[in-house]
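**Q** Predicted model and sequence follow; I will ask about them next.
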Amino acid sequence: MSATATHDENGIRGGSKIDELLAFLTDDERHQLERDLKRLSPRRKGAALPPRWRERIPIVFPRATSAPFANRHEEFWDWCDAIELDSAPRPFCGFWPRGGGKSSSVELGVADLGCNDKRKYVLYVRATQEKADDSVSNIAIRLESEEIAKYYPDHSKRKTGKFGNSRGWRRNRVWTHGGFVVDALGLDVAARGVKLEDQRPDMIVFDDIDALTDGPAQTAKKVDTITKSIIPAGSNNCAILFVQNLIIRDGVASQLADGRADFLSRRIVSGPFPAVEGLKYERRVDKETGTLRAVITGGKATWAGQDLETCQRNIDQWGLSAFLKEAQHEVKGRGAGVCLKFTPNHFVDIDEDALVDLVQRSKAFAGIDPQWWRFGFTLWISTSKGVVIRVAELFSQQEFLWQRAKKIHELCESVGIEDPSPKTVPIWADSAVPTDINELNLAFKTGWPELDENDEPTGEIITSKLRVIKVANENKIRKTAVQRINNLLDKNALRFVRTVGADTKWMLGQNASSEGTEITGSRLIWEIENWAVPTPKPGEPQDENPDDDTADGADMIASMRYALMSHLKPAKPPVDAGTVENDRAERFDHTGGEFKKYPHVADLFNQRPRRLPSGRVIRPRVR
């Protein structure tokens, strides 16, 4: 072994025979061997330090720890201090306010773990590569301090190659002479595919992952990247640290904080901690400027380094709404720009038998938005008291039309509609896709094979009397639909059966290049809670027309709009009605069991008046 081994500045390195021996080791075994050798290798010892973090950290980082530690900081440092080189700690998720020592604590914690040889390779992840580079640069500055040179001399110097060239200490990498490495990685870069060479990080830090402008699709993409690309790249004993203030209701941080996230399931949750507990404020006119400002009148600061005076200054500079979101985590209300005024109070709790009875005593109608990737169907009833209730829904992705026709027919039967047909369930669909409507009607007409209890075909074909008609153009207008739907919600005249779709699994963001992310729950309710106006660019006016991309296409909402707008009241004809064909929705006559064709306004004017025997003249009624 000695005859084939070579030496360099790092000590003994394997020659050909050692390489042959290492080839039989797994990656984890090689990494374990490297850690053992690193532990046994000689080190330059610095001045002695207390072993406990409470005494050690203020000595090593005096300028960054001038304010006393808050409870959340103590919780974080206890977690860091318990980490050993071979330990596998539970993930730590800290949800702290902006300005509350969040990123500074993480940067100090990473430097402390590296200097004490408890972690060897840290991957520092932020929303963008630029921000990740900034954090790694801050860690480099801390490692260059006089205190690190005094107490950890091997980690205060850069790693150098055989000829003295610097091998690490770039903007996106810190590599100390003691062998500690910190790499920066932005989620925007990782989303295009991350490759971490041969070394696997034994610590991954996620710092400020969410952005204020993130919608459901962006958040789902970030979760995908984190869970499928970054976390699996860590070592078996990888320590994972996640820190963020809650800035959006459904962001990655919010999902980890309230338990919705199914990854990092053994996480330690620290917070959310607001900057001020029991915050009270009043709006007052400033005597100097004459402007209206929010003034703190009560509450207790949760950290001495961010006292009430500092918080007041933040409110004056950031604005009250930004402070409530960034420092107080007030993001649980309706999302910014969400259009529909839906609340949990609009749910109806009703058992299956009572629902069937209610449906049979009400008028049913439905709407469809037919597409290949996302097919939305919603079934509604109008009760005798004028309340409209969503009683069933179908969200179909990449299924054949006969499968969709079968499911719609069976859904109608399942809620108590016997022999579904245009007489019992009129269905309106998007008039922009007449081919899809015709093909779906053909699927109802030709039917599907009947199956026995073992899902084997019996040889019989089941057909349906259901048919779909196209909605009028004016009943597709989104702005008008938003106003009318919100009016119904305000009056509590639009309700939703709570259990509908609650156990349904569907894929968010599915398209030709992505399978999407699995979501469980009602697709319609999810769309309602996310359908929002677009975020304007700086200097541009706010567009009040909802952006369908905020709700992953808003196909279920489209089906709801077509159904409600067509059933409740036909819209007025547009100004250029004389040039538009089929400008009125076809109203369904439940008594006669047929769709009523409205006469065109021009035909009404051309009709001759009728004279009754009494001599009274009846002129055509123009609406």
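**A** Sure thing, it's come through.
**Q** Which helix or which strand is home to the nearest residue to residue 424 once chain neighbours are set aside?
**A** In space, and not counting its chain neighbours, residue 424 is closest to residue 417: 5.5 Å by C-beta to C-beta, 6 or more residues apart in numbering. Heads up, the C-betas are built off the backbone N, CA and C, glycines and all. Using DSSP states H and E, residue 417 maps to neither a helix nor a strand.
**Q** so residue 417 makes contact with residue 426?
**A** No. Residue 417 lies out of contact with residue 426 (C-beta atoms under 8 Å); the separation is 11.7 Å.
**Q** For these two, indicate the residue with more neighbours.
**A** Neighbour totals were compared for residue 417 and residue 426, and residue 426 leads with 26 against 22 (other C-beta atoms under 10 Å).
**Q** Next, find the distance separating that one from residue 285.
**A** Relative to residue 285, residue 426 is positioned 58 Å away (C-beta to C-beta, to the nearest Å).
**Q** can you list the weak-confidence ranges in the stretch 51-200 of the chain?
**A** Counting by pLDDT under 70, the stretch 51-200 of the chain shows low-confidence ranges at 160-169, 191-198.
**Q** how about residue 189, what does it touch?
**A** Counting by C-beta atoms under 8 Å, 6 or more residues apart in numbering, residue 189 makes contact with residue 129.
**Q** Unless I misread the structure, it falls within a helix.
**A** Yes. Assessed by DSSP: H, G, I helix; E, B strand; the rest coil, residue 189 belongs to a helix.
**Q** what are the ranges of the helices in the stretch 151-300 of the chain?
**A** Applying DSSP state H, counting those that start in this stretch to the stretch 151-300 of the chain gives helices spanning 187-190, 216-225, 252-258.
**Q** if we compare those helices, which one ends up closest to residue 441?
**A** With distances scored as C-beta to C-beta, the stretch of these nearest to residue 441 is helix 216-225 (32.6 Å).
**Q** Dig out what residue 122 forms beta bridges with.
**A** Listed by DSSP bridges, the beta-bridge partners for residue 122 are residue 182, residue 203.
**Q** Quick check: bridge partners of residue 395?
**A** Note on residue 395: beta-bridge partners residue 376, judged by DSSP bridges.
**Q** Could you report the neighbour count for the nearest residue to residue 531 once chain neighbours are set aside?
**A** Of all residues not flanking residue 531 in the chain, residue 551 sits nearest, at 4.2 Å (C-beta to C-beta, 6+ apart). Using other C-beta under 10 Å, residue 551 has 27 neighbouring residues.
**Q** repeat for the one 5 residues further on
**A** Neighbour count of residue 556, defined by other C-beta under 10 Å: 30.
**Q** now the strands for the stretch 201-350 of the chain?
**A** Shown for the stretch 201-350 of the chain, the strands assigned by DSSP state E, counting those that start in this stretch span residues 203-207, 239-243, 268-270, 276-285, 292-301, 347-348.
**Q** and those strands as JSON lines, adding mean neighbour count, mean pLDDT and distance to residue 187?
**A** Below are the strands of the stretch 201-350 of the chain laid out as JSON lines (neighbours: other C-beta atoms under 10 Å; pLDDT from 0 to 100; distance: least, C-beta to C-beta, whole Å):
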{"stretch": "strand 203-207", "mean neighbour count": "25", "mean pLDDT": "96", "distance to residue 187": "9"}
{"stretch": "strand 239-243", "mean neighbour count": "24", "mean pLDDT": "97", "distance to residue 187": "13"}
{"stretch": "strand 268-270", "mean neighbour count": "17", "mean pLDDT": "94", "distance to residue 187": "22"}
{"stretch": "strand 276-285", "mean neighbour count": "13", "mean pLDDT": "91", "distance to residue 187": "31"}
{"stretch": "strand 292-301", "mean neighbour count": "14", "mean pLDDT": "93", "distance to residue 187": "32"}
{"stretch": "strand 347-348", "mean neighbour count": "16", "mean pLDDT": "93", "distance to residue 187": "35"}
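**Q** Please tell me how far residue 408 sits from residue 478.
**A** Taking C-beta to C-beta as the measure, residue 408 falls 24 Å from residue 478.
**Q** higher neighbour count, these two?
**A** For residue 408 and residue 478, the more surrounded residue by other C-beta under 10 Å is residue 408, and the numbers stand at 27 against 18.
**Q** Mind pulling the model confidence for the spatially closest residue to the more buried one that is not a sequence neighbour?
**A** Spatial nearest neighbour of residue 408, chain neighbours left out: residue 377 (5.6 Å); criterion: C-beta to C-beta, 6+ apart. On pLDDT, residue 377 comes in at 97.
**Q** how about residue 377, what does it touch?
**A** So, once contact is read as C-beta under 8 Å, 6+ apart, residue 377 ends up touching 366, 367, 368, 393, 394, 395, 396, 404, 408, 411, 559.
**Q** Secondary structure of the last one: a helix, I assume?
**A** Pointing back at residue 559 there. Yes. The assignment for residue 559, made by three-state DSSP, places it in a helix.
**Q** Could you check the pLDDT of it?
**A** You'll see residue 559 listed with a pLDDT of 95.
**Q** so residue 468 bridges to which residues?
**A** residue 427.
**Q** Assess the claim that it and residue 440 are in contact.
**A** Yes. Between residue 468 and residue 440 there is a contact at 5.5 Å, judged by C-beta under 8 Å.
**Q** shared neighbours of these two, anything?
**A** With C-beta under 8 Å, 6+ apart as the test, residue 468 and residue 440 both reach 368, 429.
**Q** For residue 366, give the beta-bridge partners.
**A** Note on residue 366: beta-bridge partners by DSSP bridges are residue 379, residue 427.
**Q** OK, contacts around it?
**A** Counting by C-beta under 8 Å, 6+ apart, residue 366 makes contact with 377, 378, 379, 380, 408, 412, 425, 426, 427, 428, 559, 563.
**Q** Could you dump those residues into a markdown table with distance to residue 138 added?
**A** Written out in a markdown table, the entries for those read as follows (distance: C-beta to C-beta, whole Å):
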| residue | distance to residue 138 |
| --- | --- |
| 377 | 53 |
| 378 | 51 |
| 379 | 56 |
| 380 | 56 |
| 408 | 58 |
| 412 | 61 |
| 425 | 63 |
| 426 | 64 |
| 427 | 60 |
| 428 | 58 |
| 559 | 50 |
| 563 | 55 |
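**Q** Relative to residue 452, which of the helices of the stretch 151-300 of the chain is closest?
**A** Judged by C-beta to C-beta, the one of those that comes nearest to residue 452 is helix 216-225, at 39.6 Å.
**Q** Taking strand 203-207 as reference, get the angle to that closest one.
**A** Interaxial angle of helix 216-225 relative to strand 203-207 (axes from the mean of the first three to the mean of the last three C-alpha atoms, to 10 degrees): 170 degrees.
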